[in-house]
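K.L.:
can't give you the sequence, but here's the structure:
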């Protein structure tokens, strides 16, 4: 198969960019992969593990001659980066990003996109709790969704080509407008992360329960929260600062529901609790049926234990 | 190895009792396993899959002649069950339970325990999101903690013997007093479950985001909540009704912290958010180091994907 892009520039070399590089190399999807990262250490690692054919010491240099430029930095850094690279973009190039928030990125990046360059915002819904170039792997996007949110600077042709790249990396691709994206993500990702961070923080503060007890006895529920709460702090700070309205909206609804359940506990209203807990099971079944998770008990951790016998 | 108990009666044949039966059979830890479940269907399944040598149509009959009686029913049903079986308990027998709350169980069960019978409350910190006899497996307790909370009706000898059973089934065993148990569990299990149920409920209510979108895009955060929120509704209703005080205490702290983070988002206080998110990473590292979870990214789901290539 011919490469989809002759030259791809990855700006930022964390988990997502590194996984894209692995996937593009595995599928022969890019003629050449050029990388840039802020720290020398990351650039060295990128060459060492072979995710880039070449690394540059500035983003401006990295984007020169690139057919696809992927902005893979925290959302709060996108605007400044776009301004820096704008004069160096090749006519006919496509710029995309992988940020978790889309309206704020479009507002920050679009004004800098020159005539003759397309900007197609994107967001792969995939990740792990690890960060950095060494955490990437080729199958991260396989069977996961990638959402594209075309904007005024997008063209149909550039969008179609970017879609074919994501599909070739194993993703399912959907398109939607940026405000809807930000609301959906506030529900399925941003608010759950904030809640997980909060619960882990509460456990950490509580003096009557020691941290070692929290750690020892984490198996039943809390453990999943700690995984979520181990994600990259800078990325998540930027997510909440830039998807403020939708997150505050969903948080308000969450608190309302939580207070209703808290009241049911205080009043001993078992029927309310039972009905609520029964209803939530259906969503889980839907997720398993949609193939978005394993049906193995406890995420297949039990199998780990068996294998470790 | 000689059996630890000649005859064990399992009252209630759900995930925990079924896993105990598998583990006891695998290790030759019980001479005979007698079972009782409320529904005929469950009793039939128990015989069919071979977790019990014999099933009875009443709990009273099942406990006759048993050296160990395991109460494995929802916490709210323990008191009535204890009253029913009390006259049929063998002198010298030990009664234990596997309930997620300990003070309420001790208050409900202890008054019915006759002279010459020991009651040693217990709680294995293990489970999956599945319920029923078919969901059990022998390694569920392996490398997981089992907490014993001895009370006035416990004896040193009965406690030591029960501990040796749990250890033989693969558990690590700790002893603590019941009020402390209930507080620790409110932190590591009960409150996280309530929060997960709430978040899944919020997603379900939100009309601007369809359920199919929630299901499709669940991969980043929300998915873990839905697993937690798929657990048995009756069991969890009883947990919250019987561990009311500790749960409300932790919920109050949770709301306080959440409001502080919500305020930081509203005011754009990135430093507060970043500092909070950095701190919570340490707890995750502790859990991995303590061997309470896999360090595989995304719980090893990525490996699933690779295997499914």
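P.N.:
Looks like it came in fine. Worth saying up front: this structure is predicted, and the values here are computed from it rather than measured. Residues are numbered from 1 along each chain as shown, chains lettered A, B, ... in the order given.
K.L.:
Domains in chain A, by residue range?
P.N.:
Under the assignment automatic domain parsing, the domains of chain A span A:5-176, A:180-268.
K.L.:
What segments of chain A are helices?
P.N.:
Along chain A, counting by DSSP state H, helices occupy A:15-27, A:40-48, A:59-63, A:78-85, A:103-109, A:156-168, A:178-185, A:191-205, A:211-216, A:222-228, A:233-242, A:244-267, A:270-289, A:301-307.
K.L.:
Now render the ones you listed as a markdown table, adding distance to chain B and mean pLDDT.
P.N.:
From N, CA and C alone the C-beta is placed, and that goes for glycine too. What follows is those, written out as a markdown table (distance: least, CB to the nearest CB, whole Å; pLDDT from 0 to 100):
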| stretch | distance to chain B | mean pLDDT |
| --- | --- | --- |
| helix A:15-27 | 9 | 98 |
| helix A:40-48 | 17 | 97 |
| helix A:59-63 | 22 | 98 |
| helix A:78-85 | 15 | 98 |
| helix A:103-109 | 12 | 98 |
| helix A:156-168 | 14 | 98 |
| helix A:178-185 | 5 | 96 |
| helix A:191-205 | 4 | 90 |
| helix A:211-216 | 4 | 81 |
| helix A:222-228 | 4 | 81 |
| helix A:233-242 | 4 | 94 |
| helix A:244-267 | 5 | 96 |
| helix A:270-289 | 4 | 85 |
| helix A:301-307 | 5 | 40 |
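K.L.:
Make JSON lines from the ones you listed and add mean neighbour count to it.
P.N.:
Output for those, formatted as JSON lines (neighbours: other CB atoms under 10 Å in any protein chain shown):
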{"stretch": "helix A:15-27", "mean neighbour count": "23"}
{"stretch": "helix A:40-48", "mean neighbour count": "16"}
{"stretch": "helix A:59-63", "mean neighbour count": "21"}
{"stretch": "helix A:78-85", "mean neighbour count": "20"}
{"stretch": "helix A:103-109", "mean neighbour count": "22"}
{"stretch": "helix A:156-168", "mean neighbour count": "17"}
{"stretch": "helix A:178-185", "mean neighbour count": "22"}
{"stretch": "helix A:191-205", "mean neighbour count": "25"}
{"stretch": "helix A:211-216", "mean neighbour count": "18"}
{"stretch": "helix A:222-228", "mean neighbour count": "26"}
{"stretch": "helix A:233-242", "mean neighbour count": "24"}
{"stretch": "helix A:244-267", "mean neighbour count": "18"}
{"stretch": "helix A:270-289", "mean neighbour count": "17"}
{"stretch": "helix A:301-307", "mean neighbour count": "16"}
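K.L.:
I'd like these laid out as CSV, including distance to residue B:126.
P.N.:
Converted to CSV, the helices of chain A look like this (distance: least, CB to CB, whole Å):
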stretch, distance to residue B:126
helix A:15-27, 31
helix A:40-48, 39
helix A:59-63, 49
helix A:78-85, 44
helix A:103-109, 43
helix A:156-168, 39
helix A:178-185, 33
helix A:191-205, 19
helix A:211-216, 13
helix A:222-228, 12
helix A:233-242, 31
helix A:244-267, 24
helix A:270-289, 19
helix A:301-307, 9
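K.L.:
so which residue of the stretch 1-150 of chain A comes closest to chain B?
P.N.:
Closest contact between the stretch 1-150 of chain A and chain B, by CB to the nearest CB, is at residue A:128 (3.4 Å).
K.L.:
Residue B:273 versus that residue, what's the distance?
P.N.:
From residue A:128 over to residue B:273 the distance is 21 Å, taken as CB to CB, to the nearest Å.
K.L.:
go on, residue A:257?
P.N.:
Applying CB to CB to residue A:257 and residue B:273 gives a distance of 23 Å.
K.L.:
try residue A:174
P.N.:
Plainly put, residue A:174 is 29 Å away from residue B:273 if you go by CB to CB.
K.L.:
before we move on, what about residue A:83?
P.N.:
Counting by CB to CB - residue A:83 and residue B:273 are separated by 25 Å.
K.L.:
same check, this time on residue A:120
P.N.:
Counting by CB to CB, the gap from residue A:120 to residue B:273 is 29 Å.
K.L.:
again, but for residue A:250
P.N.:
Counting by CB to CB, the gap from residue A:250 to residue B:273 is 16 Å.
K.L.:
And stretch A:145-155, what's buried?
P.N.:
Buried residues in stretch A:145-155, counted by 16 or more other CB atoms under 10 Å in any protein chain shown: A:145, A:146, A:147, A:148, A:149, A:150, A:151, A:153, A:154.
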